[in-house]
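> what shape does this take:
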Amino acid sequence: MLSGSELNSGRPMVPGRFLRDFIERIMKESAAAVSQKLAELDRLFNPQTQMPKKPAVTAGYHTRLADGTPAHETRLAMDYALLCLSAGTPERNARAALVIDAVLKLQVIDPMDQHFGIWGWFAEEPPGRMDPADWNWADFIGARIAEALVLHSSQLASDLTAGMKQALDRAAMCIFRRQSPIGYTNIAIMGAGVSAVAGELLDRPVLLDYGRRKLQEVMLLAKKVGTFSEYNSPTYTIVAIEECERVLRLSRDPALTAMARQLLDVAWDMIAQRWHAPTGQWAGPHGRAYSDRVAADKRHKIEAALADRPALPLPRFVSTPVGADAEGVAKVAHTFLDRTSCIGSITREHTWTQRRPIIAYWLLADGLPAAVFKVEFLLDGRATPGLRLATSQVDNRLLVSGYPLHGCGVWHPYFHVPADGQFDLSDLRLRFALEAAGATVTQILPGRYRLSAGDHAVQIDLTDCFINDRKLSWQTDQADGTARLDTVLVDTAGRVDFVAMRLKFAAAIQLLAPGTPAIDAPVTLVDHTGTRQAHWSGVPDVTVPIASQRFSF
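Next up, the predicted model:
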């Protein structure tokens, strides 16, 4: 990965020899990883379909395929083709050609079809069978076709490259027609790059101009806000970086490449502010995340890219405005980082599975993954966007309350939204969870609990909690490296009305590192006309509406 401009902290630079040795080690590891990935995909290759086949792992929406169903992923197939082309041997080139040809045949090519220009996630499920189709696949597959054309055309037969250009043209026109919002940062960047590179390759000035304008709009928004709309996202920021780098690899347009470099600066400054080197984790809160921990390969790339920047001081407290929600309340991301731990929160955020509105990490013994603490709202065991958390934070101390949301889907904010705000479910709960080797949960006093692992702990002080005037109790559970503190809102099967739901709770959270004393102060919750206010000594009050509110992203 490319790094952006250096942060000026006045600290000495990392010694050049260390940096060279570090990068050399990472390059060797990367080469080994590529070889390992090729071998893995070789084993998955299905000669009948000319694509890799493996059990599907899905997000729980878009596709109707169940997790574990053997299937042929279109994006994985194109990644395999690019790896084969990078190897460059005649045998690998021939394999890549077979895979690309198979993927091209899965694009919707009828211009009268509503899904013109896109692919399904899987060969077994074309766009028309999806629930609903994912328009981003014009971007994801188009980007990989563009890369193969620009960097590897000489390795492929002319009739195949002609077909690839036609597919790229359809994908670019689909992107152009869709007009993805600029606040959808990674797709806006990816689509701009696909369109612009298609314009250059195919001599389509309208596509090149569109790509330039789109990337400029994304850049201006990022500079205005100071971050991406998907704030502090370990998933989307990395995709944005990779797509900016793809623009630099594939485009020869000076305006486009200059904007890609500026966006890289924004992305890397964001990462540098919240990268917690002691744990090797990306401190929260996270606007979009597909997992709680950063995978080892991404961690190595981030460490390599940040190695030439001055070290930022620890402890530190970082606050970043990230816009406002639909209710007009400012959204500010707060993060506290010290030498062994970090905790982050955002002033207002919903609890969709891709959000991490409150999350903490800390060091465990050598060789063990970092401990992860987070707050979740679970419907039948899965995160649902039906709650908005409201949080204030000062250093390692957080005050949080929340209120129900209606007008969203059960698993995804915008898919399968019930008109009446009611869901069929059998279990609904608010959870404080710790995942760590040796995790324990202990009740210290009535309304006070500690979730502990190693020499760190999270102390939680709670008000009485109610749903629709019914008082709730708290229950603890620990097993197999997890510790949980839950309150169960619903525990019997039936229809639950999120429009009429009223939820009353507040919690004071303290991340306690060794030598950090716990603050012994009560947390209170007071009702006013239409709102309620949570108070805890030394942290700004939190005010939330009493009634359920309509969902906003």
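> tell me the contacts of P315?
Residues in contact with P315 (Cβ atoms under 8 Å, 6 or more residues apart in numbering) are 336-339, 395. Backbone N, C-alpha and C define where each C-beta goes, glycine included.
> hmm, try it at 6 Å
By Cβ atoms under 6 Å, 6 or more residues apart in numbering, P315 lies in contact with D338.
> quick check: the closest residue to H62 other than its chain neighbours vs A260, distance?
Distance criterion Cβ to Cβ, 6 or more residues apart in numbering; nearest residue to H62, sequence neighbours excluded, is D134 at 4.9 Å. Relative to A260, D134 is positioned 24 Å away (Cβ to Cβ, to the nearest Å).
> of the two, who's got more company?
A260 (27 against 19; other Cβ atoms under 10 Å).
> next, the more buried one: secondary structure please.
Three-state call for A260 (DSSP: H, G, I helix; E, B strand; the rest coil): helix.
> ditto for I509
State at I509, reduced to three classes by three-state DSSP: strand.
> helix, strand or coil: sort out the nearest residue to it once chain neighbours are set aside for me.
Using Cβ to Cβ, 6+ apart and skipping residues adjacent in sequence, the residue nearest I509 is L398, 4.2 Å away. Here L398 is strand, with the state taken from three-state DSSP.
> next one: the one 3 residues further on
Applying three-state DSSP to S401 yields a three-state assignment of strand.
> which intervals of the stretch 451-553 of the chain have sub-threshold pLDDT?
Within the stretch 451-553 of the chain, the set of residues satisfying pLDDT under 70 is empty.
> what about 90?
Applying pLDDT under 90 to the stretch 451-553 of the chain flags the ranges 552-553.
> how about the strands in it?
456-462, 465-467, 470-472, 475-479, 482-490, 494-497, 503-504, 506-512, 523-527, 531-536, 539-545, 549-550 (DSSP state E, counting those that start in this stretch).
> lowest-confidence helix or strand of this protein?
Lowest mean confidence among the helices and strands of the chain (mean pLDDT, DSSP states H and E): helix 16-44, at a mean of 70.
> one step back: A59 is in contact with the residue nearest to H62, correct?
No. Between D134 and A59 there is no contact, the gap being 9.5 Å when judged by Cβ atoms under 6 Å.
> returning to what we had before: what bridges to the residue nearest to I509?
Taking DSSP bridges, one finds Q393, I509 as the beta-bridge partners of L398.
> mind saving the C-alpha coords of whichever strand or helix holds Y449 as CSV?
Element membership of Y449, judged by DSSP states H and E, is strand 448-453. Taking Å, rounded to 0.1, in the frame of the first residue of the first chain, the C-alpha atoms of strand 448-453 are listed here in CSV:
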residue,chain,number,x,y,z
ARG,A,448,-22.2,-3.0,38.8
TYR,A,449,-20.3,-5.6,36.8
ARG,A,450,-16.8,-6.2,35.6
LEU,A,451,-15.8,-8.0,32.4
SER,A,452,-12.1,-9.0,32.7
ALA,A,453,-9.3,-10.6,30.8
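> direction included, what does that strand pair up with?
With DSSP bridges as the test, strand 448-453 pairs up with strand 440-445 (antiparallel), strand 456-462 (antiparallel).
> for L156, see how far away I509 is.
56 Å.
> out of those two, which sits in the more crowded spot?
I509 (27 against 21).
> I figured that one hits N396, correct?
No. If you go by Cβ under 6 Å, I509 and N396 don't touch, sitting 8.9 Å apart.
> isn't the residue nearest to I509 right next to L511, touching?
No. Taking contacts as Cβ under 6 Å, L398 lies outside contact range of L511: 8.3 Å.
> so the two - more neighbours on which side?
Higher neighbour count among L398 and L511: L398, with 28 against 22, using other Cβ under 10 Å.
> shaky segments in the stretch 201-350 of the chain?
223-227, 229, 296-297, 300-301, 307-311, 323-330.
> and the helices in it, which stretches?
All helices of the stretch 201-350 of the chain, identified by DSSP state H, counting those that start in this stretch, fall at 205-225, 236-250, 254-274, 296-306.
> include distance to L434 when you put these into a markdown table, please.
Putting the helices of the stretch 201-350 of the chain into a markdown table (distance: least, Cβ to Cβ, whole Å) gives the following:
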| stretch | distance to L434 |
| --- | --- |
| helix 205-225 | 33 |
| helix 236-250 | 26 |
| helix 254-274 | 21 |
| helix 296-306 | 21 |
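> residue nearest the centroid of the chain?
A289 (2.3 Å; Cα atoms, centre = their mean).
> now it: how far from A277?
Going from A289 to A277 by Cβ to Cβ gives 19 Å.
> okay, now the closest residue to F228 other than its chain neighbours: neighbour count?
Closest residue in space to F228, ignoring its immediate chain neighbours: T185 at 4.3 Å, by Cβ to Cβ, 6+ apart. Using other Cβ under 10 Å, T185 has 29 neighbouring residues.
> surely T185 and Y231 touch.
No. Using Cβ under 6 Å, T185 is not in contact with Y231; the gap is 9.7 Å.
> ok so, going back, can you lay out the strands of the stretch 451-553 of the chain as JSON lines showing distance to H72?
Shown next, in JSON lines, are the strands of the stretch 451-553 of the chain (distance: least, Cβ to Cβ, whole Å):
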{"stretch": "strand 456-462", "distance to H72": "43"}
{"stretch": "strand 465-467", "distance to H72": "45"}
{"stretch": "strand 470-472", "distance to H72": "47"}
{"stretch": "strand 475-479", "distance to H72": "37"}
{"stretch": "strand 482-490", "distance to H72": "34"}
{"stretch": "strand 494-497", "distance to H72": "38"}
{"stretch": "strand 503-504", "distance to H72": "44"}
{"stretch": "strand 506-512", "distance to H72": "45"}
{"stretch": "strand 523-527", "distance to H72": "53"}
{"stretch": "strand 531-536", "distance to H72": "51"}
{"stretch": "strand 539-545", "distance to H72": "47"}
{"stretch": "strand 549-550", "distance to H72": "40"}
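> among those, which is nearest I444?
strand 456-462 (7.5 Å; Cβ to Cβ).
> next, the angle strand 523-527 makes with the closest one.
Counting by axes from the mean of the first three to the mean of the last three Cα atoms, to 10 degrees, strand 456-462 points 30 degrees away from the direction of strand 523-527.
> buried stuff in strand 456-462?
456-462 (16 or more other Cβ atoms under 10 Å).
> try stretch 299-306
So, applying 16+ other Cβ under 10 Å, buried residues of stretch 299-306: 299-302, 304-306.
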